[in-house]
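Peer 1: Sharing a model prediction with you, sequence too.
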Amino acid sequence: MERGTEEAAERRRVRLAVIGLGMIGKVHAQFASRLDECELAAVCDTDRSREKFSQELKTAFYTDYRVMLEREALDGVIVALPNEAHESAGSACVERGVHLFVEKPIAPTVEAAARLIERAAKNRVQLLVGHHRRFNPLVEAARQIIRGGELGSLLGVSVLCGFYKPAEYFIAGPWRKEKGGGPVLLNLIHEIDTLRYLCGEITRVYAEVSHKGRNFPVEDTVSVSLRFENDTVASMLLTDTAPSQWAYECTTGENLFFYQTKENCCHFFGTEASLDFPGLNKVYYADPNRRGWQHPLSIRKTGVSTANSYQRQLAHFCRVVSGEESPRTSGIDGQRTLIAIEAVLTSGQTRQPVLLEP
């Protein structure tokens, strides 16, 4: 069992349940069964074959989350269902006064997100959106470097995200071939949210999308140009149908399910220094009197202790439920990321830039 702080051991453990035992739902359930801060009271999935998984975790199994919510005394629920079910399942939780942790995206549409946020506020429960990268120590360190001014004024960002989703990924989830199940909503949303967390709010989006790789109804490749409120610009390229060693998943070591490489997937360029990620190598001129492309550069690496971001996010949710912390990614924050993602999809369809309200 993972050990928490002495204070966590002394406080009452929060009772949690997980709705949806797909790939990410199982991750949440496994951590919830091991953390000292919480008790995994139940799990729910419409697929009865997944009851065996609940037996391994020694927790109750349900096929209907409404029945689970009625029978179990829960403090919080993690919703890890397909995007289209986030609003309905999340609403069922908050309307019973149960604190909610909903996987990204917060909802399938901005309007659905607004309704869920309103219901959570009306019922006075906390709403956390599952953008787990915000809890990665590498991301936290990059945020401190960037927002702390070590790079000077941030000028631009380059993001590469390439990987190959195998056939069984789509066999296990046929909905991933349909509208709402493509890499923009499932993968690019992570990149967008991470950049918002590191660089600030996005004000302008232009995107080109392609179905060339798989010819599914949803996109498989997207190129995005962003402008931030501080006039920083960024370029992003994502594809889920190409062998690649440049992606967050395979460079950070966060999830060892993915083949790991030693490459960097992001580069941040500032007036005083530049930074690669996840390497966290800062490139700068050591002598302020010798600046220019003809002068030598210095490189300084920031050392960071690794920790599992999913576990840290879940521990944070327990503290949110206990009233000790506010959600790091609130419903409104998750909605802002979704607004930017919808702008990507709109721009890709219209081939026109989209302006975002501040």
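Peer 2: Okay, I see it. Numbers count the residues shown, from 1 in each chain.
Peer 1: so who does the most centrally placed residue in the chain touch?
Peer 2: Against the mean C-alpha coordinate of the chain, by CA atoms, centre = their mean, the closest residue is His131 at 2.7 Å. Going by CB atoms under 8 Å, 6 or more residues apart in numbering, His131 touches Lys104, His190, Asp193, Thr194, Tyr197, Thr329, Gly334, Thr337. All C-beta spots, glycine's among them, are computed from the backbone N, C-alpha and C.
Peer 1: what about it, distance to Glu357?
Peer 2: Distance, His131 to Glu357, by CB to CB, to the nearest Å: 21 Å.
Peer 1: swap in Ala307?
Peer 2: Using CB to CB, Ala307 is found at 36 Å from Glu357.
Peer 1: out of those two, which sits in the busier spot?
Peer 2: Counting neighbours by other CB atoms under 10 Å for Ala307 and for Glu357 shows that Ala307 has the greater number, 13 against 6.
Peer 1: Backbone torsions only: list them for the more buried one.
Peer 2: Dihedral pair for Ala307: phi -160, psi 150, per degrees, to the nearest 10.
Peer 1: does it really touch Pro137, like I thought?
Peer 2: Yes: Ala307 is in contact with Pro137 according to CB atoms under 8 Å; the separation is 5.4 Å.
Peer 1: Figure out how far stretch 171-180 is from the centre of its chain.
Peer 2: On the basis of CA atoms, centre = their mean, to the nearest Å, stretch 171-180 sits 19 Å off its chain's mean C-alpha point.
Peer 1: Residues contacting it, please?
Peer 2: Residues contacting stretch 171-180 (CB under 8 Å, 6+ apart): 22, 82-84, 108, 169-170, 181-182, 186, 216-218.
Peer 1: Out of the residues you listed, who's the most crowded?
Peer 2: Ranked by neighbours (other CB under 10 Å), these are led by Gly182, which has 23 neighbours.
Peer 1: can you tell me which helix or strand the spatially closest residue to it that is not a sequence neighbour belongs to?
Peer 2: Nearest residue to Gly182 in three dimensions, chain neighbours excluded: Val218, at 3.0 Å (CB to CB, 6 or more residues apart in numbering). Secondary structure assignment for Val218, by DSSP states H and E: no helix or strand.
Peer 1: Run a quick check on Val218 versus Leu188, I expect a contact.
Peer 2: No: applying CB under 8 Å as the test, Val218 and Leu188 come out as separate, 11.8 Å apart.
Peer 1: circling back to that earlier point, Provide a ChimeraX selection command restricted to the buried entries of the contacts of His131.
Peer 2: Listed next is the ChimeraX selection for buried residues among these, using 16 or more other CB atoms under 10 Å:
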select :104,190,193,194,197,329,334,337
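Peer 1: Which members of the contacts of His131 are positioned in strands?
Peer 2: Of these, none are assigned to strands by DSSP state E.
Peer 1: can the contacts of His131 go into TSV with extra columns for distance to Phe61 and pLDDT?
Peer 2: Listed next are the contacts of His131 as TSV, based on distance: CB to CB, whole Å; pLDDT from 0 to 100:
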residue	distance to Phe61	pLDDT
Lys104	25	93
His190	30	95
Asp193	32	97
Thr194	34	97
Tyr197	35	98
Thr329	29	97
Gly334	28	97
Thr337	32	97
